[in-house]
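Engineer: Make a model of this:
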Amino acid sequence: MAKKKHPEQDIRRGLEELQQSGIATDDLSPTIVPDLKKRLGKRREIDLAVVFALGKIVHAAAVDALTDIEKNTVEKEIRKEVRRSLFKLGQRGLALPQGGGQDAASRSQAPFLGFDSKPEIEAYMSPVDGEGGRLVWISKPHTGHGLQLIKAMLNDREGLLRIGGAQIPRKELRRMTQDIKEQHGAAMIAIPWEYADRTLYEGYEKAKSRGQSGLENFHELRSIIALGKPKEQSHPIYSKLDAEAVRDGDWREASRKLLDEPELRYWILTENWLHLFLSQLQEAQTSRLVLNPVQKEERFAVIVREAVKELCNGEFGKAFQRRMEDMALYFNETGRVVQAGLALAVALQVGEGDPGPFDISFLTGLVQKSFAISLSQQKAKKEEEPSLIIKP
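Structural biologist: Numbers count the residues shown, from 1 in each chain. Reported below is the predicted structural model:
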């Protein structure tokens, strides 16, 4: 039996080669379109990666390039990826050539996706911040003109923190997105609105159970897009990446690279979760039973392993799995397919409730960094406390 092809793996390899050749595949500006086109025709993996990257560039130049590729290739998998990329650009509001992004059998039946045919409801999400927070926006065209916008801030452990609504022009939504990019260096990615709605609903239920106030208008705001409890659904990242393939190879060691990504560089675990382990660290540092630095280092490693296991356990583990799934989706939609695969691999392992017998370098590094920062803060705070010793 022939081995099943995994286009996601080929795209991932192609993107790595493009990055090694100097192409910034996370750059979503139209200026890289000519450089991407120059890489075509070298190998199937690179062609797929070029098509995938073009599908992230919301500009007419990307549409033109994809249209040319579709006309000049006979390979079925590449044509399929071209149509997928064109479809995505059509959903983002770009005018497509007649039939663009659709197979021949459905062209006469499906509506043309251009400026006059936008999806009824759209949704956007920010990256997850260091404390587990993310912005979620849902917009729906308002009768007459403009958009009805729901803006929400969620935390993966505390649920829905705040929510508001407004009627705005579409250009205002673009300005808000640009402001976030300029002020925080983060993009708002498009996500399925059904997933955004379920995230809001689950966040509301979690916040309500702990007595969060200020959410009295939740159901009124949500009625703009839906009524009743949303249906169960899998995370959208699983329709984009092969969940089995992402844990092939040495993903555990490679996962440490995620700590270098701008969105994760300032991630640390919160003090209320670390306090049990911090007391163990302090005890190990001051205990008379620890006789030398080697023993201290061994004890530190044991505490880190215990903390990583706790990170994968219970409610915190479920929340952290969702955090990593969201970041996998974010990396994928911003053109970082390698990082997306690593984030999803971590999420899947956390979802099993245990890190397994071998080290996951991303989780180990995150715990180590969190310990170091917390201990440093405690030391600085202690040094700032006034001394009670009265000197003569």
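
Engineer: Low-confidence stretches in this protein?
Structural biologist: 1-6, 27, 91-93, 98-119, 144, 272, 282-293, 378-379, 382-392 (pLDDT under 70).

Engineer: which residues in it form helices?
Structural biologist: If DSSP state H is used as the criterion, the helices of the chain fall at 7-20, 33-38, 44-54, 60-72, 76-91, 170-184, 193-209, 218-222, 251-254, 271-286, 293-311, 314-333, 337-351, 361-384.

Engineer: Can you give me the buried ones in the last one?
Structural biologist: In this case it means helix 361-384. Neighbour-count burial for helix 361-384, counted by 16 or more other C-beta atoms under 10 Å, picks out S361, F362, L363, T364, G365, L366, V367, Q368, K369, S370, F371, S374. From N, CA and C alone the C-beta is placed, and that goes for glycine too.

Engineer: Which residues does that helix contact?
Structural biologist: 252-256, 258-259, 267-269, 271, 274, 277-278, 281-282, 304-305, 307-308, 311-312, 342, 346, 350, 355 (C-beta atoms under 8 Å, 6 or more residues apart in numbering).

Engineer: what angle sits between that helix and helix 337-351?
Structural biologist: Helix 361-384 runs at 80 degrees relative to helix 337-351, counting by axes from the mean of the first three to the mean of the last three C-alpha atoms, to 10 degrees.

Engineer: that older thread, which member of the buried residues of helix 361-384 is positioned nearest R83?
Structural biologist: Checking the buried residues of helix 361-384 against R83 with C-beta to C-beta, the nearest one is F362 at 34.5 Å.

Engineer: and the residue lying closest to that closest one once chain neighbours are set aside, how many neighbours does it have?
Structural biologist: Leaving aside its sequence neighbours, F362 sits nearest to S255 (C-beta to C-beta, 6 or more residues apart in numbering; 3.7 Å). The local packing count at S255 equals 25, with neighbours defined by other C-beta atoms under 10 Å.

Engineer: dump the residue contacts of S255.
Structural biologist: The contact partners of S255, taken as C-beta under 8 Å, 6+ apart, are L342, A345, V346, I360, S361, F362, L363.

Engineer: Would you mind confirming that A347 is in contact with L329?
Structural biologist: No: judged on C-beta atoms under 8 Å, A347 makes no contact with L329 at a distance of 10.1 Å.

Engineer: Got a ChimeraX select line for the buried ones in the contacts of helix 361-384?
Structural biologist: Restricted to buried positions by 16+ other C-beta under 10 Å, the ChimeraX selection for the contacts of helix 361-384 reads:
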select :252,254,255,256,258,267,268,269,274,277,278,281,304,307,308,311,312,342,346,350,355
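
Engineer: which one of the contacts of S255 is nearest E45?
Structural biologist: For the contacts of S255, the nearest to E45 is L342 (18.4 Å; C-beta to C-beta).

Engineer: ok, so what distance separates that closest one from N332?
Structural biologist: Computed as C-beta to C-beta, to the nearest Å, the L342 to N332 distance reads 11 Å.

Engineer: What backbone torsions are found at R210?
Structural biologist: Backbone torsions of R210, given as degrees, to the nearest 10, read phi -100, psi 10.

Engineer: Does it touch G159 like I think?
Structural biologist: Yes: applying C-beta under 8 Å as the test, R210 and G159 come out as touching, 7.3 Å apart.

Engineer: show me what contacts the residue nearest the centre of the chain?
Structural biologist: Most central in the chain under C-alpha atoms, centre = their mean is M327, positioned 2.1 Å from the mean C-alpha point. M327 is in contact with P127, V128, E263, L264, A343, counting by C-beta under 8 Å, 6+ apart.
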